[in-house]
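**Q** predicted model and sequence below, questions to follow.
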Amino acid sequence: MLERLQKLLAQAGIASRREAEKMIIAGRISVNGQLVTQLGSKADPAVDQITVDGKRISGQFKRYYIFNKPRGVVTTLHDPQGRAAIGDYVKDLPERIFPVGRLDYYTEGVLILTNDGVLSQLLTHPRHKVKKTYQVGALGKIEHNDLDRLRVGILLEDGLTAPAVVDFVEYRPEKNLTVFTITIHEGRNRQVRRMCDAIGHAVRNLKRVKFAGISLNGLKRGALRELTENEVAALYAEAKADDEL
C-alpha cells in the first residue's frame with residue numbers, strides 16, 4: 001500500500017511526522033536507492049527499500065484498522081474448528097495484525113485491529129476504563145425499572161457491574177423486541193448478555209457500535225479501513241485519559 005514517506009517514517013518510530021518532513025527536505029531519505037527530497041512522495045513498505053542516512057529502516061510499521069466484525073466470526077486469526085475467523089479477512093495485509101480485545105461469536109460490530117502492542121494493552125487494561133457502546137435487541141418489552149437496574153449495576157456471579165449508560169431506543173411489537181444502547185467500560189466475558197439475562201430478557205442480537213470513541217460510520221459488515229492519524233491519536237487519548245485524574 002503506497003503511503004506518504006513522512007507517515008511511514010513516523011509509523012516506524014524514526015521521527016515525528018513534522019521532523020520526518022525536515023529529513024526528506026534535507027535529502028536524508030532514499031527509496032530503492034533513489035534520493036527523495038520532495039514532500040508528498042510515497043512508498044510501499046511491503047516492497048520498497050527505505051533508508052535513512054544510508055541505513056535501511058528495519059522493524060515493523062505500525063498499522064491501525066477498524067473492522068466491522070460480522071456475526072458468526074471468531075475473534076482470532078485462525079480457528080482450529082474451521083470456523084470463519086478474523087484472519088480470513090486480513091490475510092492480504094502486508095503486516096501481521098491482531099484484534100484489540102474480543103467480541104463473542106454471535107456479536108458483530110466495531111473491532112480495532114493493530115500491530116501496536118502498547119496501544120492494545122492500554123485499551124484493554126481495566127484501569128483505563130475504555131468505553132464500549134453496544135446496540136442491544138432483547139426479547140420482550142423491557143420496563144424502565146429494569147433499564148434502571150442496568151444503569152446502576154447488576155449483581156453477576158463475578159460481582160457487581162459498574163454503572164452503565166443506557167438509552168432506550170424503541171420497542172418493536174411485531175418482533176417482541178426492545179432495542180436500547182448500553183455503554184460500559186468493563187471487559188467481562190459476555191457481560192452485556194449476562195446483564196440482560198439477569199433482568200429476564202435474553203439478547204437476540206448484539207452489535208458494538210462504538211469503541212473508545214471510534215464508530216463504524218457506514219463501514220459495511222465484513223469490511224475494514226485504516227484509521228486516520230487523528231483517530232489513532234484519539235485512541236491513545238481515550239486510553240490515557242484516566243492517568244490525568
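**A** Nice, thanks for sending it over.
**Q** mind exporting the C-alpha coordinates of the helix ranked longest in the chain to PDB?
**A** Using DSSP state H to define each element, the chain has its longest helix at helix 229-240. In PDB, the C-alpha atoms belonging to helix 229-240 read as follows (Å, rounded to 0.1, in the frame of the first residue of the first chain):
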ATOM      1  CA  GLU A 229      -3.700   9.700  12.300                       C
ATOM      2  CA  ASN A 230      -6.300  11.700  14.300                       C
ATOM      3  CA  GLU A 231      -8.300   8.600  15.100                       C
ATOM      4  CA  VAL A 232      -5.100   6.800  16.400                       C
ATOM      5  CA  ALA A 233      -4.300   9.900  18.500                       C
ATOM      6  CA  ALA A 234      -7.800   9.800  19.800                       C
ATOM      7  CA  LEU A 235      -7.500   6.100  20.800                       C
ATOM      8  CA  TYR A 236      -4.300   6.900  22.800                       C
ATOM      9  CA  ALA A 237      -6.000   9.900  24.400                       C
ATOM     10  CA  GLU A 238      -9.000   7.800  25.400                       C
ATOM     11  CA  ALA A 239      -6.900   5.100  26.900                       C
ATOM     12  CA  LYS A 240      -4.700   7.500  28.900                       C
END
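**Q** go ahead and name everything in contact with it.
**A** 7, 17, 64, 66, 112, 119, 122-123, 125, 128, 130-131, 212-214, 227 (Cβ atoms under 8 Å, 6 or more residues apart in numbering). From N, CA and C alone the C-beta is placed, and that goes for glycine too.
**Q** tell me the buried residues in that helix?
**A** Across helix 229-240, burial judged by 16 or more other Cβ atoms under 10 Å covers 231-232, 235, 238-239.
**Q** what does stretch 2-17 give?
**A** Neighbour counts using 16+ other Cβ under 10 Å place 4-6, 8-12, 14 of stretch 2-17 among the buried residues.
**Q** got it, and stretch 90-106?
**A** Using 16+ other Cβ under 10 Å as the test for burial, stretch 90-106 gives 90, 93, 97-103.
**Q** model confidence over that stretch, on average?
**A** Average pLDDT, stretch 90-106: 90.
**Q** how far is it from where the chain is centred?
**A** For stretch 90-106, the gap between its own C-alpha mean and the chain's C-alpha mean amounts to 10 Å (Cα atoms, centre = their mean, to the nearest Å).
**Q** is the residue most central in space within the chain bridged to anything, and to what?
**A** In the chain, the residue lying closest to the centroid (Cα atoms, centre = their mean) is Ile112, at 1.9 Å. Under the criterion DSSP bridges, Ile112 forms beta bridges with Ile66.
**Q** and Val166, by the same measure?
**A** Applying DSSP bridges to Val166, the residues it is bridged with are Ile182.
**Q** tell me the spacing between it and Leu216.
**A** 20 Å (Cβ to Cβ, to the nearest Å).
**Q** so the residue nearest to the centre of the chain makes contact with Pro99?
**A** Yes: look at Ile112 against Pro99 with Cβ atoms under 8 Å: they come within range, at 7.2 Å.
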